[in-house]
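[1] this one's sequence-less:
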(Lines give C-alpha, C1' and ligand atoms only; values in the text may rest on other atoms or scores of the structure.)
Protein backbone atom coordinates (compact mmCIF):
# COMPACT_ATOMS: atom_id res chain seq x y z
CA UNK A 1 0.00 0.00 0.00
CA UNK A 2 1.15 3.53 -0.76
CA UNK A 3 2.10 5.97 1.93
CA UNK A 4 -0.25 8.60 3.23
CA UNK A 5 0.03 11.93 1.47
CA UNK A 6 1.51 15.18 2.53
CA UNK A 7 -1.26 17.32 1.08
CA UNK A 8 -0.12 18.50 -2.36
CA UNK A 9 -2.85 21.12 -2.37
CA UNK A 10 -4.19 23.79 -0.08
CA UNK A 11 -7.02 22.70 2.18
CA UNK A 12 -10.27 24.61 2.62
CA UNK A 13 -10.39 25.22 -1.12
CA UNK A 14 -12.46 23.71 -3.88
CA UNK A 15 -10.58 23.96 -7.16
CA UNK A 16 -12.55 21.56 -9.33
CA UNK A 17 -10.18 21.60 -12.28
CA UNK A 18 -7.16 20.74 -10.15
CA UNK A 19 -9.06 17.99 -8.36
CA UNK A 20 -10.16 16.47 -11.67
CA UNK A 21 -6.61 16.67 -13.04
CA UNK A 22 -5.24 15.07 -9.90
CA UNK A 23 -7.83 12.27 -9.98
CA UNK A 24 -7.14 11.60 -13.66
CA UNK A 25 -3.37 11.48 -13.10
CA UNK A 26 -3.90 9.19 -10.11
CA UNK A 27 -6.03 6.76 -12.17
CA UNK A 28 -3.72 6.99 -15.19
CA UNK A 29 -0.57 6.20 -13.23
CA UNK A 30 -2.21 3.75 -10.86
CA UNK A 31 -4.35 1.74 -13.28
CA UNK A 32 -4.08 2.73 -16.94
CA UNK A 33 -0.29 2.74 -16.73
CA UNK A 34 -0.07 -0.46 -14.70
CA UNK A 35 -1.38 -3.42 -16.68
CA UNK A 36 -0.97 -6.05 -13.98
CA UNK A 37 -2.81 -3.95 -11.41
CA UNK A 38 -5.55 -3.22 -13.95
CA UNK A 39 -6.06 -6.95 -14.53
CA UNK A 40 -6.18 -7.58 -10.78
CA UNK A 41 -8.82 -4.89 -10.34
CA UNK A 42 -10.88 -6.29 -13.23
CA UNK A 43 -10.85 -9.59 -11.34
CA UNK A 44 -11.88 -7.62 -8.27
CA UNK A 45 -14.90 -6.29 -10.19
CA UNK A 46 -15.81 -9.77 -11.45
CA UNK A 47 -15.89 -11.11 -7.87
CA UNK A 48 -19.08 -9.18 -7.08
CA UNK A 49 -17.01 -5.93 -6.92
CA UNK A 50 -16.10 -6.79 -3.32
CA UNK A 51 -12.28 -6.59 -3.69
CA UNK A 52 -12.69 -3.50 -5.88
CA UNK A 53 -14.56 -1.77 -3.08
CA UNK A 54 -11.81 -2.81 -0.68
CA UNK A 55 -9.32 -1.14 -2.99
CA UNK A 56 -11.51 1.99 -2.99
CA UNK A 57 -11.28 1.93 0.81
CA UNK A 58 -7.49 2.23 0.55
CA UNK A 59 -7.87 5.27 -1.69
CA UNK A 60 -10.34 6.81 0.77
CA UNK A 61 -7.71 6.42 3.48
CA UNK A 62 -5.42 8.69 1.50
CA UNK A 63 -2.93 6.34 -0.16
CA UNK A 64 -0.55 8.15 -2.55
CA UNK A 65 0.39 6.99 -5.12
CA UNK A 66 -2.33 4.48 -5.98
CA UNK A 67 -1.91 1.46 -3.70
CA UNK A 68 -1.07 -2.04 -4.86
CA UNK A 69 -3.93 -4.53 -5.24
CA UNK A 70 -2.57 -7.01 -2.73
CA UNK A 71 -3.63 -8.60 0.57
CA UNK A 72 -6.89 -9.83 -0.95
CA UNK A 73 -8.25 -11.01 2.36
CA UNK A 74 -8.16 -7.42 3.58
CA UNK A 75 -9.64 -6.22 0.29
CA UNK A 76 -12.57 -8.61 0.75
CA UNK A 77 -13.19 -7.55 4.35
CA UNK A 78 -12.97 -3.83 3.62
CA UNK A 79 -15.06 -4.23 0.47
CA UNK A 80 -17.78 -6.03 2.38
CA UNK A 81 -17.83 -3.25 4.96
CA UNK A 82 -18.40 -0.57 2.32
CA UNK A 83 -21.07 -2.67 0.62
CA UNK A 84 -22.87 -3.23 3.93
CA UNK A 85 -22.79 0.51 4.62
CA UNK A 86 -24.26 1.15 1.17
CA UNK A 87 -26.98 -1.44 1.71
CA UNK A 88 -27.92 -0.04 5.11
CA UNK A 89 -28.15 3.45 3.64
CA UNK A 90 -30.44 2.02 0.95
CA UNK A 91 -32.99 0.62 3.42
CA UNK A 92 -35.31 3.68 3.22
CA UNK A 93 -35.36 3.38 -0.59
CA UNK A 94 -36.09 -0.35 -0.37
CA UNK A 95 -38.96 0.29 2.04
CA UNK A 96 -40.45 2.93 -0.26
CA UNK A 97 -40.12 0.64 -3.28
CA UNK A 98 -41.89 -2.17 -1.41
CA UNK A 99 -44.69 0.26 -0.48
CA UNK A 100 -44.94 1.48 -4.07
CA UNK A 101 -45.03 -1.98 -5.63
CA UNK A 102 -46.89 -3.73 -2.83
CA UNK A 103 -49.76 -4.79 -5.09
CA UNK A 104 -47.40 -6.25 -7.67
CA UNK A 105 -45.35 -8.07 -5.02
CA UNK A 106 -48.54 -9.45 -3.46
CA UNK A 107 -49.75 -10.61 -6.87
CA UNK A 108 -46.46 -12.40 -7.61
CA UNK A 109 -46.33 -14.03 -4.17
CA UNK A 110 -49.91 -15.25 -4.56
CA UNK A 111 -49.05 -16.79 -7.93
CA UNK A 112 -51.32 -14.44 -9.88
CA UNK A 113 -48.74 -13.36 -12.48
CA UNK A 114 -51.43 -12.03 -14.82
CA UNK A 115 -52.28 -9.32 -12.28
CA UNK A 116 -48.66 -8.31 -11.62
CA UNK A 117 -48.19 -5.97 -14.59
CA UNK A 118 -51.50 -4.09 -14.13
CA UNK A 119 -50.76 -3.82 -10.41
CA UNK A 120 -47.38 -2.26 -11.14
CA UNK A 121 -48.92 0.19 -13.61
CA UNK A 122 -51.67 1.16 -11.19
CA UNK A 123 -49.16 1.52 -8.37
CA UNK A 124 -47.09 4.00 -10.35
CA UNK A 125 -50.14 6.02 -11.26
CA UNK A 126 -51.65 6.11 -7.79
CA UNK A 127 -48.54 6.90 -5.74
CA UNK A 128 -47.08 10.21 -6.95
CA UNK A 129 -46.34 11.10 -3.34
CA UNK A 130 -44.28 7.94 -2.88
CA UNK A 131 -42.46 8.64 -6.15
CA UNK A 132 -41.62 12.16 -5.05
CA UNK A 133 -40.60 10.98 -1.58
CA UNK A 134 -38.35 8.26 -3.03
CA UNK A 135 -36.71 10.80 -5.33
CA UNK A 136 -36.00 13.09 -2.37
CA UNK A 137 -34.66 10.23 -0.24
CA UNK A 138 -32.38 9.08 -3.07
CA UNK A 139 -30.93 12.59 -3.34
CA UNK A 140 -30.32 12.78 0.42
CA UNK A 141 -28.62 9.38 0.48
CA UNK A 142 -26.55 10.29 -2.57
CA UNK A 143 -25.30 13.37 -0.75
CA UNK A 144 -24.53 11.71 2.58
CA UNK A 145 -23.12 8.35 1.50
CA UNK A 146 -19.77 9.47 -0.05
CA UNK A 147 -18.77 11.41 3.06
CA UNK A 148 -20.06 8.63 5.33
CA UNK A 149 -17.91 6.05 3.54
CA UNK A 150 -14.77 8.17 3.62
CA UNK A 151 -15.42 9.04 7.27
CA UNK A 152 -15.64 5.32 8.04
CA UNK A 153 -12.44 4.62 6.09
CA UNK A 154 -10.56 7.33 7.97
CA UNK A 155 -11.92 6.72 11.46
CA UNK A 156 -12.27 2.93 11.09
CA UNK A 157 -15.40 2.80 13.22
CA UNK A 158 -18.49 1.34 11.63
CA UNK A 159 -20.82 3.53 13.65
CA UNK A 160 -19.15 6.67 12.35
CA UNK A 161 -20.65 6.01 8.91
CA UNK A 162 -24.04 6.47 10.58
CA UNK A 163 -23.10 9.47 12.71
CA UNK A 164 -25.45 11.61 10.64
CA UNK A 165 -24.83 14.75 12.66
CA UNK A 166 -21.08 14.49 12.08
CA UNK A 167 -21.54 13.62 8.39
CA UNK A 168 -23.86 16.57 7.81
CA UNK A 169 -21.56 18.82 9.80
CA UNK A 170 -18.57 17.76 7.73
CA UNK A 171 -20.40 18.52 4.49
CA UNK A 172 -21.14 21.92 6.02
CA UNK A 173 -17.39 22.44 6.46
CA UNK A 174 -16.85 21.63 2.80
CA UNK A 175 -19.73 23.92 1.89
CA UNK A 176 -23.05 22.49 0.73
CA UNK A 177 -23.16 24.33 -2.59
CA UNK A 178 -19.52 23.55 -3.38
CA UNK A 179 -20.03 19.91 -2.38
CA UNK A 180 -23.17 19.47 -4.48
CA UNK A 181 -21.45 21.13 -7.44
CA UNK A 182 -18.48 18.78 -6.99
CA UNK A 183 -20.83 15.77 -7.17
CA UNK A 184 -22.57 17.13 -10.26
CA UNK A 185 -19.25 17.77 -11.98
CA UNK A 186 -17.88 14.26 -11.42
CA UNK A 187 -21.21 12.72 -12.47
CA UNK A 188 -21.10 14.65 -15.74
CA UNK A 189 -17.40 14.01 -16.37
CA UNK A 190 -17.90 10.26 -15.96
CA UNK A 191 -21.48 9.84 -17.09
CA UNK A 192 -21.55 11.74 -20.39
CA UNK A 193 -18.55 10.07 -22.11
CA UNK A 194 -19.53 6.61 -20.87
CA UNK A 195 -23.13 7.05 -22.02
CA UNK A 196 -22.12 8.36 -25.44
CA UNK A 197 -19.65 5.52 -26.08
CA UNK A 198 -22.01 2.77 -24.95
CA UNK A 199 -24.98 4.33 -26.74
CA UNK A 200 -22.97 4.59 -29.96
CA UNK A 201 -21.94 0.91 -29.72
CA UNK A 202 -25.52 -0.23 -29.16
CA UNK A 203 -26.93 1.91 -31.98
CA UNK A 204 -24.19 0.73 -34.35
CA UNK A 205 -24.88 -2.88 -33.40
CA UNK A 206 -28.61 -2.50 -34.01
CA UNK A 207 -28.00 -0.72 -37.33
CA UNK A 208 -25.57 -3.39 -38.51
CA UNK A 209 -27.75 -6.25 -37.36
CA UNK A 210 -25.76 -7.62 -34.41
CA UNK A 211 -27.54 -6.08 -31.43
CA UNK A 212 -26.75 -9.09 -29.22
CA UNK A 213 -23.05 -8.80 -29.95
CA UNK A 214 -23.18 -5.06 -29.28
CA UNK A 215 -24.68 -5.63 -25.83
CA UNK A 216 -22.01 -8.22 -25.03
CA UNK A 217 -19.34 -5.76 -26.19
CA UNK A 218 -20.83 -3.08 -23.92
CA UNK A 219 -20.74 -5.46 -20.95
CA UNK A 220 -17.11 -6.36 -21.62
CA UNK A 221 -16.19 -2.70 -22.06
CA UNK A 222 -17.93 -1.85 -18.78
CA UNK A 223 -15.87 -4.52 -17.05
CA UNK A 224 -12.64 -3.13 -18.52
CA UNK A 225 -13.29 0.55 -17.77
CA UNK A 226 -14.80 -0.03 -14.30
CA UNK A 227 -11.45 -0.06 -12.41
CA UNK A 228 -10.03 3.24 -13.76
CA UNK A 229 -13.43 4.92 -13.37
CA UNK A 230 -13.79 3.69 -9.77
CA UNK A 231 -10.25 4.79 -8.92
CA UNK A 232 -10.77 8.18 -10.57
CA UNK A 233 -14.01 8.76 -8.70
CA UNK A 234 -12.62 7.55 -5.36
CA UNK A 235 -9.57 9.82 -5.63
CA UNK A 236 -11.73 12.78 -6.67
CA UNK A 237 -14.11 12.30 -3.73
CA UNK A 238 -11.12 11.95 -1.41
CA UNK A 239 -9.90 15.33 -2.63
CA UNK A 240 -13.36 16.81 -2.09
CA UNK A 241 -13.42 15.39 1.43
CA UNK A 242 -9.96 16.72 2.20
CA UNK A 243 -10.87 20.20 0.98
CA UNK A 244 -12.48 20.76 4.39
CA UNK A 245 -9.62 19.66 6.64
CA UNK A 246 -6.13 18.14 6.50
CA UNK A 247 -5.78 14.40 6.16
CA UNK A 248 -5.53 12.68 9.53
CA UNK A 249 -2.94 9.87 9.44
CA UNK A 250 -4.40 6.40 9.94
CA UNK A 251 -2.76 2.95 10.13
CA UNK A 252 -2.22 1.33 6.74
CA UNK A 253 -4.37 -1.68 7.55
CA UNK A 254 -6.27 -0.89 10.78
CA UNK A 255 -8.31 -3.39 12.66
CA UNK A 256 -11.95 -2.38 12.60
CA UNK A 257 -13.67 -1.27 15.78
CA UNK A 258 -17.42 -1.25 16.25
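    Structure received. This one's a predicted model, so the numbers in the text were calculated from it and none came from an experiment. Residues are numbered from 1 along each chain as shown.

[2] right, and the helix or strand after the least confident helix or strand in the chain by mean pLDDT?
    Sorting the helices and strands of the chain by mean pLDDT, DSSP states H and E puts helix 116-126 at the bottom, at a mean of 55. Using DSSP states H and E, the helix or strand that follows helix 116-126 in sequence is helix 128-155.

[3] and the angle from the helix or strand following that next one to helix 128-155?
    Going down the chain from helix 128-155, the next helix or strand is helix 164-174, by DSSP H and E. With axes from the mean of the first three to the mean of the last three Cα atoms, to 10 degrees as the basis, helix 164-174 and helix 128-155 are set at 80 degrees to each other.

[4] show me which positions of helix 164-174 end up buried.
    By 16 or more other Cβ atoms under 10 Å, the buried positions in helix 164-174 come out as 167, 170, 171, 174. C-beta here means a position set from N, CA and C on the backbone, and glycine is covered the same way.

[5] the third one and residue 25, how far apart?
    Meaning residue 171. For residue 171, the distance to residue 25 (Cβ to Cβ, to the nearest Å) stands at 26 Å.

[6] give the buried residues for stretch 223-230.
    Buried residues in stretch 223-230, counting neighbours by 16+ other Cβ under 10 Å, are found at 225, 226, 227, 228, 229, 230.

[7] turn those residues into CSV, columns for secondary structure, distance to residue 37 and pLDDT.
    Output for those, formatted as CSV (DSSP: H, G, I helix; E, B strand; the rest coil; distance: Cβ to Cβ, whole Å; pLDDT from 0 to 100):
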residue, secondary structure, distance to residue 37, pLDDT
225, helix, 15, 96
226, helix, 14, 96
227, helix, 8, 97
228, helix, 10, 97
229, helix, 15, 97
230, helix, 13, 97
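
[8] and those, which is closest to residue 60?
    Sorting the buried residues of stretch 223-230 by distance to residue 60 puts residue 230 at the head of the list, at 11.5 Å, by Cβ to Cβ.

[9] quick check: residue 162 vs residue 151, distance?
    Per Cβ to Cβ, residue 162 is found 10 Å from residue 151.

[10] now the common contact residues for the two.
    In terms of Cβ atoms under 8 Å, 6 or more residues apart in numbering, residue 162 and residue 151 are not both contacted by any residue.

[11] give me the below-cutoff pLDDT ranges for the stretch 1-150 of the chain.
    In the predicted model of the stretch 1-150 of the chain, residues 1-14, 103, 106-108, 111-126 satisfy pLDDT under 70.

[12] surely residue 150 touches residue 238?
    Yes. A contact is recorded between residue 150 and residue 238 when judged using Cβ atoms under 8 Å, the distance being 6.5 Å.

[13] intersection of neighbour lists for the two?
    Taking Cβ under 8 Å, 6+ apart as the criterion, residue 150 and residue 238 both touch residue 60.

[14] residues in contact with residue 80?
    Contacts of residue 80 by Cβ under 8 Å, 6+ apart are 50, 53, 54.

[15] rerun at 10 Å
    With contact set as Cβ atoms under 10 Å, 6 or more residues apart in numbering, residue 80 has these partners: 48, 50, 51, 53, 54.

[16] can you get me a residue count around the nearest residue to the fourth one once chain neighbours are set aside?
    What it means is residue 53. Closest residue to residue 53 in three dimensions, ignoring its sequence neighbours and counting by Cβ to Cβ, 6 or more residues apart in numbering: residue 79, at 3.7 Å. A count of nearby residues for residue 79, using other Cβ atoms under 10 Å, gives 23.

[17] now do the buried residues in stretch 76-92.
    Within stretch 76-92, the residues that count as buried by 16+ other Cβ under 10 Å are 76, 77, 78, 79, 81, 82, 85, 89.

[18] phi first, then psi, for residue 64.
    For residue 64, the backbone dihedrals are phi -140, psi 130 (criterion: degrees, to the nearest 10).

[19] my guess is it contacts residue 235. True?
    Yes. Contact between residue 64 and residue 235 holds when scored by Cβ atoms under 10 Å: they sit 9.0 Å apart.

[20] and residue 162 and residue 151? Which one has more around it.
    residue 151 (20 against 16).

[21] thanks a lot, see you next time.
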